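In: here is my input; please provide its structure:
(one chain, ligands or ions: 2)
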Amino acid sequence: MADKREISRIIELNEDLINNNDRLAGENNQILKKHDISSFDIVGAIGAGKTALLERIIEKVSKEHQVFVINGDVATRIDADRIEKHGAKSIQVNTGRECALNAYHISRVINNIDLTEYDVLFIENVGNLICPSDFILGATKRIVVVSITEGEWVIKKHPLLFKMSDIAVINKIDLNDIINIDIDEMINDAKEINPNIKVFTTSATTGENIQELIKALEI
Ligand SMILES: Nc1nc2c(ncn2[C@@H]2O[C@H](COP(=O)(O)OP(=O)(O)OP(=O)(O)O)[C@@H](O)[C@H]2O)c(=O)[nH]1
Ligand SMILES: [Mg+2]
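Out: Numbering: from 1, shown residues only. Ligands and ions are numbered 1, 2, ... in the order given. Here you go, the predicted model:
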């Protein structure tokens, strides 16, 4: 078992990691601002519909905006391939054993593409409602996505990401005829955790409320 000194060294290393991440995230934010790029970090549960929502958003905005997407995924490039079919450029970052993207991943990408070609950046994080809360990435706004199929308590159970986000999306509302949960209760949970958060209930399948969500992005 680790002794007290070893434990405090581990805590210090962890704090260093988070401090370095925050510094790099600040640099990312400056670079993106310098290029006038609106940037969004999308976090959320596995399979909640992050990529499907991005597909719908990109379909609607890609005539007016040049969009770049960074897709975080443990192992595949499935999401990046999906995105590229909808009129945006995309790069997949495979995180392997890490359960979230960090600012270093984003720094490597944005320092290796021609940012003058884009005015909107979406970063889809690895599907996870816990790990991304430790690592800010440098995007201007954070969007947290859950869906009604994760159960009506999913927001209450993961308050941290809702505290840190500007927009919350409750997706897959088209399935509520079958699931039959109290969606208003989920909206209240998000507002109770973060009174400033904007909440949207959407269906990436039917397109319901996607336009309203796009309006809230203010791109
Ligand atoms: N019925 C319904 N299905 C949806 C909706 N949004 C996404 N799906 C389906 O849910 C599954 C997961 O969607 P994705 O967009 O891959 O979800 P994700 O959050 O990007 O998943 P990961 O990147 O793997 O974490 C797919 O089969 C989608 O077609 C929705 O609004 N309604
Ligand atoms: Mg995805």
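In: distance between the ends of stretch 139-159?
Out: When the termini of stretch 139-159 are compared using Cα to Cα, to the nearest Å, they are 20 Å apart.
In: and that stretch, what's its mean pLDDT?
Out: The average pLDDT within stretch 139-159 is 97.
In: flag every buried residue along that stretch.
Out: 139, 141-150, 154-156, 158 (16 or more other Cβ atoms under 10 Å). (C-beta placed from N, C-alpha, C; glycine too.)
In: that one: how far from the chain's middle?
Out: Mean C-alpha position of stretch 139-159 versus that of the full chain (Cα atoms, centre = their mean, to the nearest Å) differs by 10 Å.
In: now the residue in the chain positioned nearest to ligand 1: phi and psi?
Out: Proximity of the chain to ligand 1 (Cβ to the nearest ligand atom) peaks at residue 127, 2.4 Å away. Dihedral pair for residue 127: phi -60, psi 110, per degrees, to the nearest 10.
In: touching, it and residue 47? I think so.
Out: Yes: look at residue 127 against residue 47 with Cβ atoms under 8 Å: they come within range, at 6.4 Å.
In: more neighbours: which of these two?
Out: Higher neighbour count among residue 127 and residue 47: residue 127, with 21 against 13, using other Cβ atoms under 10 Å.
In: any idea how far the more buried one is from ligand 2?
Out: 6 Å (Cβ to the ion, to the nearest Å).
In: distance check, that residue against residue 215.
Out: Distance of residue 127 to residue 215, computed by Cβ to Cβ, to the nearest Å: 26 Å.
In: ok, now which ones touch the residue in the chain positioned nearest to ligand 2?
Out: As assessed by Cβ to the ion, ligand 2 sits closest to residue 51 within the chain, at 3.3 Å. If a contact means Cβ atoms under 8 Å, 6 or more residues apart in numbering, then residue 51 has 71, 79, 82-83, 124 as its contacts.
In: in JSON lines: those residues, plus neighbour count, secondary structure and distance to ligand 1.
Out: Below are the contacts of residue 51 laid out as JSON lines (neighbours: other Cβ atoms under 10 Å; DSSP: H, G, I helix; E, B strand; the rest coil; distance: Cβ to the nearest ligand atom, whole Å):
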{"residue": "71", "neighbour count": "28", "secondary structure": "strand", "distance to ligand 1": "8"}
{"residue": "79", "neighbour count": "21", "secondary structure": "helix", "distance to ligand 1": "5"}
{"residue": "82", "neighbour count": "16", "secondary structure": "helix", "distance to ligand 1": "8"}
{"residue": "83", "neighbour count": "26", "secondary structure": "helix", "distance to ligand 1": "10"}
{"residue": "124", "neighbour count": "28", "secondary structure": "strand", "distance to ligand 1": "7"}
